[in-house]
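A.B. asks: No sequence on hand, only this structure:
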């Protein structure tokens, strides 16, 4: 198993997700009502990146790890299960806030939802970088 190719794709997608979070934050701080169209467009675009990231993990990374050692297989399954919940929460958020009219009508509710949901996504990405990918790399070196 080579963890490097999925890691490269995952790294590019995670960078895109982190950039999208930063862009949403900047647009929100500049004013939700005044930037509602831009914020809605950013949410829609970020949804596509998150779906692509999940598809890559589900089709490449997790199946490869399931065929690896027991420790990585268990860790992979736990991360995959957790990610499903995070993505479901994000998609509910995106479905609620993907229209400028909804953003303009309830800016503080959007801000609270965005802080909660995007913090979860951000923390997950950071935990993958700190725990998950180093474990994959250590496992791939041991089996090489």
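C.D. replies: Noted; the coordinates are in hand. What you see is a predicted model, and the numbers here were worked out from it, not measured in a lab. Numbering: from 1, shown residues only.

A.B. asks: Look up the closest residue to residue 93, ignoring the ones flanking it.
C.D. replies: residue 117 (4.3 Å; Cβ to Cβ, 6 or more residues apart in numbering). No exception for glycine: its C-beta is placed from N, CA and C like everyone else's.

A.B. asks: What distance do you get for that neighbour to residue 61?
C.D. replies: Distance, residue 117 to residue 61, by Cβ to Cβ, to the nearest Å: 23 Å.

A.B. asks: Also residue 125?
C.D. replies: For residue 125, the distance to residue 61 - Cβ to Cβ - is 14 Å.

A.B. asks: more neighbours, the two?
C.D. replies: Comparing residue 125 with residue 61 by other Cβ atoms under 10 Å, the one with more neighbours is residue 61, at 23 against 20.

A.B. asks: I figured the more buried one was touching residue 77, is that so?
C.D. replies: No - assessed by Cβ atoms under 8 Å, residue 61 is found out of contact with residue 77, at 11.9 Å.

A.B. asks: what about stretch 89-106, start to end distance?
C.D. replies: End-to-end distance for stretch 89-106: 19 Å, by Cα to Cα, to the nearest Å.

A.B. asks: average pLDDT for it?
C.D. replies: Mean pLDDT, computed over stretch 89-106, is 97.

A.B. asks: What are the buried residues along that stretch?
C.D. replies: 90, 93, 94, 96, 97, 98, 100, 102, 103, 104 (16 or more other Cβ atoms under 10 Å).

A.B. asks: Thought residue 49 was touching the first one, still the case?
C.D. replies: I take that to be residue 90. No - Residue 90 lies out of contact with residue 49 (Cβ under 8 Å); the separation is 10.7 Å.

A.B. asks: State the distance from residue 118 to residue 88.
C.D. replies: 15 Å.

A.B. asks: Of the buried residues of stretch 89-106, just say which sits nearest to residue 135.
C.D. replies: Minimum distance to residue 135 across these is 24.2 Å, recorded for residue 90 (Cβ to Cβ).

A.B. asks: so which strand or helix has that closest one?
C.D. replies: Here residue 90, judged by DSSP states H and E, is contained in helix 70-97.

A.B. asks: elements contacting that helix?
C.D. replies: helix 36-56, helix 62-66, helix 107-127, helix 133-143 (3 or more Cβ pairs under 8 Å, 6 or more residues apart in numbering; DSSP states H and E).
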